[in-house]
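In: Okay, sequence plus prediction incoming.
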2 protein chains.
Amino acid sequence: MNQNKYYIFFGNLANPLKVEIISELKENEMSVLELAKKLDVEQSKLSHALKSLKHCSIVNVKQEGKKRIYSLNKETILPMLEIIDKHESKFCKECKAMEARKK
Amino acid sequence: MNQNKYYIFFGNLANPLKVEIISELKENEMSVLELAKKLDVEQSKLSHALKSLKHCSIVNVKQEGKKRIYSLNKETILPMLEIIDKHESKFCKECKAMEARKK
DNA sequence: GATTCATATGAAATCTATTTCATACATCTA
DNA sequence: TAGATGTATGAAATAGATTTCATATGAATC
């Protein structure tokens, strides 16, 4: 019974920075420095995060001159986020409360 | 920009034990001790894991005598697992390799 | 209401993941 | 090819999550 893929995949998304990255890339593909500015985080931190997202094909990269442009694998990620939105509004009253508290 | 819900939800699944629990409950609802036997893990460990799964409504509980019967929120989880299966077979060659290595 | 069975809880120990910082590597341009 | 820009990497430090173990709580039975 080998289901490593599931928790490895989820682990990759279980992190606020990575979720922020995803939510930026949902709008536009962009380079590492652009992301760094948008999210106000240090570059190497982003590179580390992007590396693991890339490793599971949650994002893709292309080279453009000196820049590496990251884009979201929307085919997988968008439906996934939708499921959670639906889940939250239907089942997860506590999660909402938690969200509020964390603000 | 508050997207805590996403990483909180994913965090809950980013763990081998929790994935095992889910995969057992996919087949049958069951009590904590039944799960403990099936998965060969200590009871309190399960209780901790079930608590957080419950907290995000990934599982549900009902009381039956002394026992508490846990069941899976299939409406949310099954489509989610399907997305990952599809993702894996389509995009994630590395994940497969990783899976193999971990065996 | 004492005992037993089933489960939950708290806190310390342990394990895993993220962050940081210094530095290396790659691409482009003068 | 030296310098500048953009990104990646490794390793130590740190933060977070899981596990363990002892114990508490709740439900049923006698």
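Out: Yep, it's here.

In: Going by C-alpha atoms from here, please, whenever you check contacts or count neighbours.
Out: OK.

In: residue ranges of the strands in chain A, please?
Out: With DSSP state E as the criterion, chain A has strands at A:30-31, A:59-64, A:67-72.

In: Please give the centre-to-centre distance between the last one and its chain.
Out: Centroid displacement of strand A:67-72 relative to its chain, using CA atoms, centre = their mean, to the nearest Å, is 13 Å.

In: just the CA coordinates of that strand, formatted as PDB?
Out: What follows is strand A:67-72 as a C-alpha-only set of coordinates in PDB (Å, rounded to 0.1, in the frame of the first residue of the first chain):
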ATOM      1  CA  LYS A  67      15.300  35.300 -15.900                       C
ATOM      2  CA  ARG A  68      13.500  32.200 -15.100                       C
ATOM      3  CA  ILE A  69       9.800  32.600 -15.500                       C
ATOM      4  CA  TYR A  70       7.600  30.500 -13.300                       C
ATOM      5  CA  SER A  71       4.100  29.600 -14.100                       C
ATOM      6  CA  LEU A  72       1.400  27.600 -12.300                       C
END
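
In: ok, back up a step: make TSV from the strands of chain A and add mean pLDDT and mean neighbour count to it.
Out: Below are those laid out as TSV (pLDDT from 0 to 100; neighbours: other CA atoms under 10 Å in any protein chain shown):
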stretch	mean pLDDT	mean neighbour count
strand A:30-31	98	19
strand A:59-64	97	15
strand A:67-72	98	19
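
In: Just send those back as a markdown table, with distance to DNA strand D too.
Out: As requested, these are exported to a markdown table (distance: least, CA to the nearest atom of the strand, whole Å):
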| stretch | distance to DNA strand D |
| --- | --- |
| strand A:30-31 | 4 |
| strand A:59-64 | 7 |
| strand A:67-72 | 4 |
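
In: Wondering if the top helix by length along chain A reaches chain B at all.
Out: For chain A, the longest helix by residue count, based on DSSP state H, is helix A:74-91. Yes - residues of helix A:74-91 are located near chain B by CA under 8 Å from any CA of the partner chain, namely A:76, A:79-81, A:83-84, A:87-88, A:91.

In: quick one, that helix and helix B:74-91 angle?
Out: Inter-element angle recorded for helix A:74-91 and helix B:74-91: 170 degrees (by axes from the mean of the first three to the mean of the last three CA atoms, to 10 degrees).

In: Of all the strands of chain A, which one is nearest B:His48?
Out: strand A:59-64 (32.7 Å; CA to CA).

In: Can you give the strand pairings for the closest one, parallel or anti for each?
Out: strand A:67-72 (antiparallel) (DSSP bridges).

In: what about stretch A:40-53 and DNA strand C, any contact?
Out: Yes - on the criterion CA under 7 Å from any atom of the strand, stretch A:40-53 is in touch with DNA strand C at A:41-42, A:44-45, A:48-49.

In: my guess is A:Asn60 meets A:Tyr70, correct?
Out: Yes - at 5.6 Å, A:Asn60 and A:Tyr70 qualify as touching, with contact defined as CA atoms under 8 Å.
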